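**Q** Could you look at this predicted model? Sequence included:
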Amino acid sequence: MKLLPNSLLTYPQVTNYGAEVYVTYDNKVWGNLSPLFAETDAEKELIKKKDKELLEFTKVKKAFVATTPLEPTLMVLDEKVSGVLTYKNNDTFVYLRTNGIIATRLGYRYEIVFAPADCAIFIGVHPDFEGLVALHLGFAQVFMNLHLQTFKLFATLYPTIDLSGFRIFITPYICGRHYYISEERFDYLNRTGVLQSRFSDYVVKKDRKYYVDFVKAAKEELSEKFGITTFYEPGLCTYELAQKDKLFSHKYSKEHKESRKGVFNVIVVTS
């Protein structure tokens, strides 16, 4: 896996499971939010233009664009749900508010688009499942057990599939060397002792900050709970790439009081 000259990071192994994954970056405008959330008309047009360019690149029929709220939300995207979402508004773009999607085959090529900023996107594929699982995971989502709840739901929906057969592809994210929470926030979340006991192996305290490797925590918990042990990741930290102006990092931008924004999109294609 590598960053290509056209700013696309590709994951060739995932094509063996009938899917495609791309990471693209542009530093002119950040986010893939619905145009309804755009602050200005100019930003709305930039978002719509960017979404259209992604669609032309992937050559899909429809795009499900996921705006990710703080609260843990999960949905199943199948033919019934797709039919309801597109019945009255049969546009090419369908805008969702969700952190996690269990996506099945819809009979046509479609893409799911995320704008993670510093979070990781986990894409799970399985040889016995015609579809995929896509999760937008930051520290908050891992702390709230979104990854565990997602695969617990999957096991309920597909009880004959052995979850240990999942292969998880992970996109660039802010690594534990740079992601931290304040001492005040740590103490608040740890008031019952849950954070310290659960994340003790993934937290390092330094200068009144708690540095957290939330991706390592998610991987090890998925392994422990469901036997999932195969993970692919490029070893790229958004913060460190942002220092070189090669990728957007919300944490880096905030620390350096930058006004610039950047597109950082993860595109997952399936049929």
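**A** Received it, and whenever you're ready, just let me know what you need.
**Q** which helix is the longest one in this protein?
**A** Among all segments of the chain classified by DSSP state H, the helix with the greatest residue count is helix 41-58.
**Q** How far away from the center of its chain is the helix or strand that that helix is followed by?
**A** Under the assignment DSSP states H and E, the closest C-terminal helix or strand after helix 41-58 is strand 62-67. The chain centre lies 12 Å from the centre of strand 62-67; the measure is C-alpha atoms, centre = their mean, to the nearest Å.
**Q** Show me what strand 62-67 is packed against.
**A** Using 3 or more C-beta pairs under 8 Å, 6 or more residues apart in numbering; DSSP states H and E as the contact criterion, the neighbours of strand 62-67 among helices and strands are helix 41-58, strand 93-97, strand 110-114. Quick note: C-beta positions are derived from backbone N, CA and C, even for glycine.
**Q** deepest of the ones you listed, which one?
**A** Using mean count of other C-beta atoms under 10 Å, the stretch among the helices and strands packed on strand 62-67 with the greatest mean number of neighbours is strand 110-114 (a mean of 25).
**Q** Name the next helix or strand following that strand along the chain.
**A** Proceeding N to C from strand 110-114, the next assigned helix or strand is strand 120-125, under DSSP H and E.
**Q** ok, back up a step: need the helices and strands packed on strand 62-67 in CSV (columns: distance to K257 and mean pLDDT).
**A** Shown next, in CSV, are these (distance: least, C-beta to C-beta, whole Å; pLDDT from 0 to 100):
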stretch, distance to K257, mean pLDDT
helix 41-58, 20, 79
strand 93-97, 29, 86
strand 110-114, 26, 89
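**Q** hang on, the earlier thing: the longest helix of the chain packs against which elements?
**A** With contacts taken as 3+ C-beta pairs under 8 Å, 6+ apart, helix 41-58 sits against strand 20-26, strand 62-67, strand 110-114, strand 263-270.
**Q** Mind listing what's buried along the helix or strand that the second one is followed by?
**A** Where DSSP H and E defines the elements, the next helix or strand beyond strand 62-67 is strand 74-77. Buried positions in strand 74-77, judged by neighbour count with 16 or more other C-beta atoms under 10 Å: L74, M75, L77.
**Q** Within its sheet, name the partner strands of strand 74-77 and how each one runs.
**A** Neighbouring strands of strand 74-77 in its sheet, by DSSP bridges, are strand 100-104 (parallel).
**Q** what about the strand it pairs with, average pLDDT?
**A** Per-residue confidence for strand 100-104 averages out to 95 on the pLDDT scale.
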